[in-house]
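Chemist: everything below, folded, please.
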Amino acid sequence: MIRSPVNPVLLRWARERAGIAQEDLTAKFKKLPEWETGRIQPTLKQLEAFAHAVHVPVGYLFLSTPPEEVLPIPDYRTFAGHAVTRPSPNLMDTIYACQERQSWYRNHARVGGETEVDFVGSASIEASPETVARRMRETLGFDLVTRRECPTWTDALRLFIRQADDTGVLVMVSGVVMSNSRRSLDPTEFRGFALCDPLAPLIFVNGKDTKAAQMFTLAHELAHIWLGASALSNLGVVPGPGFRDEEVWCNAVAAELLVPLDALRSDLRRNEPLPDALSRLARIFKVSTLVILRRLLDAGWLTRERFDAAWAQESQRLGKLVKSGSGGDFYRTTVARVGRRFARALVVSTLEGQTLYRDAFRMLGIKKTKTFNNLGREAGVTG
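Modeler: Purely as a prediction, here's the structure:
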């Protein structure tokens, strides 16, 4: 039996990179403890299976030392006041998949003679958040009255996504890597990211988060698109020390876009208990209660001391809630994962022979022609 000469350090690095405990893998790889100490080396077949299990290119395992992986976009995330360090393979693979889709769409748009999206990079952090939010609202057609009439957060989110899609933004919402339900995306690692491009601006929203939280993430990433700055972000409704100026500005724009202060003030009720106000206003504006808290502070309805206490209590309550996944109809979910604008363009290009089916299948995360045809119908391309 031929063994593969690998550095045990690489095996431990790959497992820890994937966030998997050794005991969780020993059922499948019984000799893993001995592999990691160097007492025994795995065969090539075992090594390939191990690489697949920890989501790492098998070639990495033949290096002399672990590679230094750098996120391909600026990382603006902070949690509990600290920067996030090592990215998970799920996050890295999601960014790479979105970059491939964006590259494909950019070439498709260029060949098709599409014009650049003029609002990409049209703002700066020197501009007031209120002014930029107003321009965004006008461009998106983000009508507050229509949003209030949406019966649920899901309906409001779909409306918001469709409005962004109609203006030329590729919006992708997924809670898993590609279509692999065993590779869930962790909202405590990231909420979303923006990939700026004048022909193919792209926003990815972590679908494992709550619908209300996804609303803020989409608004936040749209602010990054207006700013012309690609970025990996977390929610950060109320930025604290250590947040970059860009994040502070994008949060302020997102808050004003979703909950304009003038509209909020007109909905306030004198002496209303805070829990009642949070619940009522969150339903009206279709945002998280944390966003409402921040805007009540901005409006002067809450003192800082009362806000801090309420924020801690509400954060704890929301932290106990089960996060929502993609779920629902398979074809609708798959189109949402890649975005309707992207799905329509890819299906048409493939049917016209401009894109290989194998490339389309890879970018869509599917394997069968029948599934592809049904996705075409869901996207409104085929009958």
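Chemist: what about the strands in the stretch 51-200 of the chain?
Modeler: 78-79, 82-83, 170-174, 176-177, 180-184, 192-195 (DSSP state E, counting those that start in this stretch).
Chemist: now those as JSON lines including mean neighbour count and mean pLDDT?
Modeler: C-beta here means a position set from N, CA and C on the backbone, and glycine is covered the same way. Formatted as JSON lines, the strands of the stretch 51-200 of the chain follow (neighbours: other CB atoms under 10 Å; pLDDT from 0 to 100):
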{"stretch": "strand 78-79", "mean neighbour count": "16", "mean pLDDT": "57"}
{"stretch": "strand 82-83", "mean neighbour count": "10", "mean pLDDT": "52"}
{"stretch": "strand 170-174", "mean neighbour count": "25", "mean pLDDT": "97"}
{"stretch": "strand 176-177", "mean neighbour count": "20", "mean pLDDT": "94"}
{"stretch": "strand 180-184", "mean neighbour count": "13", "mean pLDDT": "90"}
{"stretch": "strand 192-195", "mean neighbour count": "27", "mean pLDDT": "96"}
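Chemist: can you tell which of those strands is closest to Gln214?
Modeler: Ranking the strands of the stretch 51-200 of the chain by their distance to Gln214 (criterion: CB to CB) puts strand 170-174 first, at 6.9 Å.
Chemist: and the closest one, which strands flank it?
Modeler: Sheet pairing here is set by DSSP bridges, and for strand 170-174 it gives strand 202-206 (parallel).
Chemist: can you pull the buried residues of the next helix-or-strand element following the partner strand?
Modeler: Where DSSP states H and E defines the elements, the next helix or strand beyond strand 202-206 is helix 211-227. Going by neighbour count (16 or more other CB atoms under 10 Å), the buried part of helix 211-227 is 211-227.
Chemist: helix 211-227 packs against which elements?
Modeler: helix 129-140, helix 153-166, strand 192-195, strand 202-206, strand 231-233, helix 245-258, helix 289-298 (3 or more CB pairs under 8 Å, 6 or more residues apart in numbering; DSSP states H and E).
Chemist: to Arg101, which of those lies closest?
Modeler: Ranked by CB to CB, the member of these that lies closest to Arg101 is strand 202-206, at 7.3 Å.
Chemist: who touches that closest one?
Modeler: Contact partners of strand 202-206, identified using CB atoms under 8 Å, 6 or more residues apart in numbering, comprise 94-95, 98, 101-102, 105, 164, 169-175, 185, 187, 190-195, 214, 217-218, 221-222, 225, 339.
Chemist: what do you get if the cut-off is 6 Å, keeping everything else the same?
Modeler: The contact list for strand 202-206 (CB atoms under 6 Å, 6 or more residues apart in numbering) reads 98, 102, 169-173, 185, 187, 191-195, 214, 217-218, 221.
Chemist: average pLDDT for it?
Modeler: For strand 202-206, the mean pLDDT works out to 97.
Chemist: stretch 129-149 now?
Modeler: Averaging pLDDT residue by residue across stretch 129-149 gives 92.
Chemist: ok, back up a step: could you dump the strands of the stretch 51-200 of the chain into JSON lines with distance to Phe119 added?
Modeler: Below are the strands of the stretch 51-200 of the chain laid out as JSON lines (distance: least, CB to CB, whole Å):
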{"stretch": "strand 78-79", "distance to Phe119": "27"}
{"stretch": "strand 82-83", "distance to Phe119": "30"}
{"stretch": "strand 170-174", "distance to Phe119": "14"}
{"stretch": "strand 176-177", "distance to Phe119": "30"}
{"stretch": "strand 180-184", "distance to Phe119": "33"}
{"stretch": "strand 192-195", "distance to Phe119": "13"}
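Chemist: which stretch among those comes nearest Ala360?
Modeler: Comparing the strands of the stretch 51-200 of the chain by CB to CB, strand 170-174 comes nearest, at 15.6 Å.
Chemist: and the angle from the closest one to helix 211-227?
Modeler: 150 degrees (axes from the mean of the first three to the mean of the last three CA atoms, to 10 degrees).
Chemist: pull the CA atoms of strand 170-174 into PDB?
Modeler: Extracted in PDB, the C-alpha atoms of strand 170-174 (Å, rounded to 0.1, in the frame of the first residue of the first chain):
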ATOM      1  CA  LEU A 170     -27.200  41.100  -8.900                       C
ATOM      2  CA  VAL A 171     -28.700  40.100  -5.600                       C
ATOM      3  CA  MET A 172     -28.000  36.600  -4.300                       C
ATOM      4  CA  VAL A 173     -29.400  35.200  -1.100                       C
ATOM      5  CA  SER A 174     -28.400  31.800   0.200                       C
END
